[in-house]
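[1] Generate a structure from the sequence data that follows.
(2 chains)
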Amino acid sequence: QKEVEQDPGPLSVPEGAIVSLNCTYSNSAFQYFMWYRQYSRKGPELLMYTYSSGNKEDGRFTAQVDKSSKYISLFIRDSQPSDSATYLCASRKTSYDKVIFGPGTSLSVIP
Amino acid sequence: DGGITQSPKYLFRKEGQNVTLSCEQNLNHDAMYWYRQDPGQGLRLIYYSQIVNDFQKGDIAEGYSVSREKKESFPLTVTSAQKNPTAFYLCASSPPLSIANEQFFGPGTRLTVL
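    Okay, here's the model as predicted:
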């Protein structure tokens, strides 16, 4: 079993839709949870970062962690064509440990 | 401009050849990493280095080698011992491991074995 799993998609939504991207993880010791965005043929860039359970909001983006169910979510409100990318969730146990990445979900926002 | 550069962007290799991928950063970061990305799989860690002249194997180090002679540079050599080297290779850096949560990635090198 992979430590971090995601539905690879592709996910296609109309512009303006609310997007929900989800991950599950298996290691209950994970404390740090990240979402990276990767445009085609580019390196990933950090989008959101949360520690432990709870919600974090940044503009149109909300990251949510439920440690009881080992579930990580990223919500995108008012989605834009520029949001079209692959979204990678990632986790780590402590800030000293290596980062474990999920395989990524490909998102297309259609104008 | 601060950032991470990788070269070349595309690289073609014949079977049996060693190739070296370049990674340079001017962010003054101590830690650097090499990942491999294949379709449908997450980023897999090849090697990482927390400080100059020191590096550790990641999850898939076989067939690869690295050096860290300068803080700014962390080149990756893909040797002929790597049986399936065709992939997208990403270099990253971060501030000291003990406090870092963000890794900054380069634009990647796409290696194709002919």
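
[2] rest of the way, CA atoms for contacts and neighbours
    Will do.

[3] wait, what's in contact with residue 109?
    No chain specified, so I'll use chain A. By Cα atoms under 8 Å, 6 or more residues apart in numbering or on different chains, the contact list for residue A:109 reads A:12-15, A:79-84.

[4] To clarify, I was referring to chain B.
    Taking Cα under 8 Å, 6+ apart as the contact definition, residue B:109 lies against B:6-11, B:21, B:88-90.

[5] Now with 6 Å, please.
    If you count contacts by Cα atoms under 6 Å, 6 or more residues apart in numbering or on different chains, residue B:109 has them with B:9-10, B:88-89.

[6] Please convert the buried members of these into PyMOL selection syntax.
    If you want just the buried ones from those in PyMOL, going by 16 or more other Cα atoms under 10 Å in any protein chain shown, the selection is:
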select buried, chain B and resi 9+88+89
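
[7] Keep only those of the contacts of residue A:109 that are in strands.
    Residues of these located in strands (DSSP state E): A:12-14.

[8] what's near enough to touch residue A:40?
    Under the contact definition (Cα under 6 Å, 6+ apart), no residues are listed for residue A:40.

[9] Where does pLDDT dip in chain B?
    B:1-2, B:97-101 (pLDDT under 70).

[10] For chain A, what is the nearest residue in it?
    With distances taken as Cα to the nearest Cα, chain B approaches chain A most closely at residue B:42, which sits 3.6 Å away.

[11] for chain B, what are the nearby residues on chain A?
    Among all residues of chain A, those adjacent to chain B (criterion: Cα under 6 Å from any Cα of the partner chain) are A:42-43, A:95-96, A:101-103.

[12] Show the pLDDT at the residue of chain A found nearest chain B.
    Taking Cα to the nearest Cα, chain B has its nearest neighbour within chain A at residue A:103, 3.6 Å off. In this prediction, residue A:103 carries a pLDDT score of 92.

[13] all strands of chain B, in order?
    In chain order, chain B shows strands spanning B:4-7, B:10-13, B:19-25, B:31-37, B:44-51, B:54-57, B:64-66, B:76-78, B:87-94, B:104-105, B:109-113, with DSSP E as the criterion.

[14] what's near enough to touch the closest residue to residue A:6 other than its chain neighbours?
    With sequence-adjacent residues excluded and distances taken as Cα to Cα, 6 or more residues apart in numbering or on different chains, residue A:6 is closest to residue A:23, at 4.8 Å. If a contact means Cα under 6 Å, 6+ apart, then residue A:23 has A:5-6, A:71-72 as its contacts.

[15] for the residue nearest the centre of chain B, which residues make a bridge with it?
    Taking Cα atoms, centre = their mean as the criterion, residue B:34 is the residue nearest the geometric centre of chain B, at 2.8 Å. Applying DSSP bridges to residue B:34 yields these beta-bridge partners: residue B:47, residue B:91.
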